[in-house]
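*Asks:* Predicted model and sequence follow; I will ask about them next.
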Amino acid sequence: MAAGSKRTRVRFTTVATYAALVLLGTAFILPFYWMISTSLKPSERIQKFPPDIIPMQPVLSKVDGRSREVYRAKDGTEFALVEKLKGGTVSVKPVGDAKAAARIVSMDSLIPEIRPGFEWSSYSRGLTFIPFADQLRNTLIISVCCVFGTILSCSLVAYGLAKIDWRGRNTLFIIILSTMMLPAQVTMIPVFTIFVKLHWVNTFLPLIVPTFLGTPFFIFLLRQFFLGIPRELSEAARLDGCGEFGIYRRVIIPLSKPALATVALFTFIGAWNEFLGPLIYLLDETKYTLSLGLAMFTGQYGNEYGMLMAVSTVVTIPIIVLFFFTQRTFIQGMTMSGIKQ
Amino acid sequence: MKAKASTTERRNLRNGLLFCSPILVGLAAFTLYPMLASLYYSFCNYPMLKPPVWVGLANYRTLVHDPVFYKSLANTAYFAVFATPAGIITAFLLALLLNQKVKGMAVFRTMFFVPSIVPMVAGSVLWLWLLNSDYGLINTILRSAHLPAPGWMSSPDWSKPALILMSVWGVGGWMLIYLAGLQDVPIDLYEAAEIDGASPLQRLRHITIPFMSPHLFFTLIMGFIGAATYFTQAYVMTGGQGGPVDSTRFFSIYLFQNAFQYWKMGYACALAWILFILILVFTLVLFKTSARYVYYGGEK
């Protein structure tokens, strides 16, 4: 009896857990589905109540040699819409009866015929409205340069902090860690004036060059990783006549590929998503990154939800694809960031 | 022997500095100098195109009488006080659910995590549509359930709750941090507690939460700093205005407007330093009091 009630309770808990997971999982993924779904709807079917759950398209029929939208009257007859007239009336012809004369009926008496289908015009319109090719290229250039700069600078600094024993390295490490707490707003304005004086505004340099001077969080991550590499390996290379740079390049870097991959991935995504930097430094539409381009587009055409969702989808998909290909690296990196030293 | 040791020491010092030179230059050029400069500018009238002119405490005096400053501070406090706990509780709940050793855990984990990697601008644009008061998905669902459908981003009372709702959607990263932590909680403690007749709620309260407190504390600090500097979403969703009726004019938005729209660089630097000091004080208070509610296993 007691065992039985316990088993029932366990079963109940399992069912409740699944129910909660499915409910919450749906809630979390629904916005994402809605973005894609909206982007594939014809613009006149986007702002309506109740909305189409899956994208619907008007059914078309050929009448007098032209494709026309099909409507259904209350009695079930299908009509093809020939022309919209004044006063809420329309001129229609029955579908499948080529000889029938056009008749004029009230628009209210007709229900549009629809079928599931994708409408791609939001993509073609959205992606030509903004200089998409330019902005994609800019985003890629900036992201790739940032990855290169971050990997190079952070691995060098992390090596200096983890593998070389010098006075002051712990002090420097603590200083680097503490700057992670510093809000960007405090340094933003003087940094801007530096780049103004260098005439770098409206170029990619203010977004790229700082990454060659190290990023505290990634230095921290790599330092922790380097500390875990046995000292004997470095010592063996040293006996073989390697200098510090040789050890860095031939021993530490090849052994740190997983950690470097994490840094590369997070830097790429960070640069792809970055908003404040491009907002401050990039002035011409053709120099914008995708994120900035999308934000500016939203400011101007806030009601064109089809186009906005199409562009948002295009900006998001590469990141999602990247995530699915690098899930392991990704999740390791996320959890590493939560470790208290 | 001693001479040799000191040559090694000197060589290490040279090499160490050499390897660390990128960050040394970076700290000097992009942290130390800008901090000092921004402190100096905060005492100056600095309209960007003209050189800064020392005006003493004038910026800070203006600030004390600036109603928008207080409004933006209140908006930011509101956001921090609600968004951070809401995010922590949601992420923790999701992590607890995923930790139940259910089948298909990886699929659910992905479902909860993916929203957090949607690029911030794209996510903001998406939520602008979801929160649309007439045709948005959220109000459609609320209306179908015969619940009141608020104006969200078009209502000064609902715009901040709307942003908090959106921020909760993106807590997947914290969830992963908690999930990793939950796997380190010693199982034998649960077994012992169960034998002693502890209820699931008691086990959560007396085992899980204490063991997870370092992770919870870490995300509390991160969430607080993130909320204090909250910018991108509010900027994108209100076209940089912080509307309606200043209800989403957060501190960082007001700071940005002063710096890059009104070109009041000196005033913006004063705001930045106020922000910095507030964050510093608050973080220090959290760290100082953390010994009382954060449990670091047997280590500390």
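*Replies:* Now that the structure is in, tell me what you want to look at. Numbers count the residues shown, from 1 in each chain, chains lettered A, B, ... in the order given.
*Asks:* what residue ranges in chain A score low on pLDDT?
*Replies:* A:1-6, A:98, A:337-341 (pLDDT under 70).
*Asks:* Walk me through the domains of it.
*Replies:* A:2-45, A:56-116, A:131-300 (automatic domain parsing).
*Asks:* how about the strands in chain A?
*Replies:* In chain A, the strands defined using DSSP state E lie at A:56-58, A:60-63, A:66-73, A:78-84, A:89-94, A:103-106, A:110-112, A:114-116.
*Asks:* Out of those strands, the one nearest residue B:148 is which?
*Replies:* Closest approach to residue B:148 among the strands of chain A is made by strand A:56-58 (28.5 Å; Cβ to Cβ). To be clear about C-beta, it is placed using only N, CA and C from the backbone, and glycine gets the same treatment.
*Asks:* could you say what helices and strands that closest one packs with?
*Replies:* Counting contacts by 3 or more Cβ pairs under 8 Å, 6 or more residues apart in numbering or on different chains; DSSP states H and E, strand A:56-58 is packed against strand A:114-116.
*Asks:* May I ask you to confirm that residue B:19 is in contact with residue A:159?
*Replies:* Yes: Residue B:19 lies in contact with residue A:159 (Cβ atoms under 8 Å); the separation is 5.3 Å.
*Asks:* anything in contact with each of the two?
*Replies:* Residues touching both residue B:19 and residue A:159 (Cβ atoms under 8 Å, 6 or more residues apart in numbering or on different chains): A:244, A:248.
*Asks:* Provide a list of residues in contact with residue A:62.
*Replies:* Counting by Cβ under 8 Å, 6+ apart, residue A:62 makes contact with residue A:68.
*Asks:* partner residues bridging it?
*Replies:* Bridge pairing for residue A:62 (DSSP bridges) gives the partners residue A:67.
*Asks:* follow-up on the earlier one: with distance to residue A:321 added, can I get the strands of chain A in TSV?
*Replies:* Converted to TSV, these look like this (distance: least, Cβ to Cβ, whole Å):
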stretch	distance to residue A:321
strand A:56-58	27
strand A:60-63	34
strand A:66-73	35
strand A:78-84	41
strand A:89-94	45
strand A:103-106	49
strand A:110-112	36
strand A:114-116	25
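*Asks:* Can you say which of these is nearest to residue A:296?
*Replies:* Set against residue A:296 and scored by Cβ to Cβ, the strands of chain A come closest in strand A:56-58, at 30.4 Å.
*Asks:* the helices in the stretch 101-250 of chain B, which residues?
*Replies:* Secondary structure of the stretch 101-250 of chain B (DSSP state H, counting those that start in this stretch): helices at B:105-117, B:120-130, B:137-144, B:159-169, B:172-182, B:187-195, B:200-203, B:209-228, B:232-237.
*Asks:* Let me have the ones you listed in a markdown table, adding mean neighbour count and mean pLDDT as columns.
*Replies:* Output for these, formatted as a markdown table (neighbours: other Cβ atoms under 10 Å in any protein chain shown; pLDDT from 0 to 100):
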| stretch | mean neighbour count | mean pLDDT |
| --- | --- | --- |
| helix B:105-117 | 19 | 93 |
| helix B:120-130 | 26 | 97 |
| helix B:137-144 | 16 | 94 |
| helix B:159-169 | 21 | 97 |
| helix B:172-182 | 23 | 92 |
| helix B:187-195 | 12 | 89 |
| helix B:200-203 | 12 | 89 |
| helix B:209-228 | 19 | 93 |
| helix B:232-237 | 25 | 96 |
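*Asks:* Go ahead and name everything in contact with stretch B:267-275.
*Replies:* Residues from elsewhere that reach stretch B:267-275, judged by Cβ under 8 Å, 6+ apart: A:183, A:185-186, A:188-190, B:38-39, B:41-43, B:46, B:59-60, B:62-63, B:69, B:228-229, B:251-252, B:254-256, B:258-259.
*Asks:* Stretch A:22-37 too?
*Replies:* Contacting residues not belonging to stretch A:22-37 are listed as A:52-55, A:309, A:312-313, A:316, B:94, B:97, B:107-108, B:111-112, B:114-115, B:118, B:122, B:126-127, B:129-130, B:137, B:169 [Cβ under 8 Å, 6+ apart].
*Asks:* which of the residues in it are buried?
*Replies:* Neighbour-count burial for stretch A:22-37, counted by 16 or more other Cβ atoms under 10 Å in any protein chain shown, picks out A:24, A:25, A:28, A:29, A:30, A:31, A:32, A:34, A:35, A:36, A:37.
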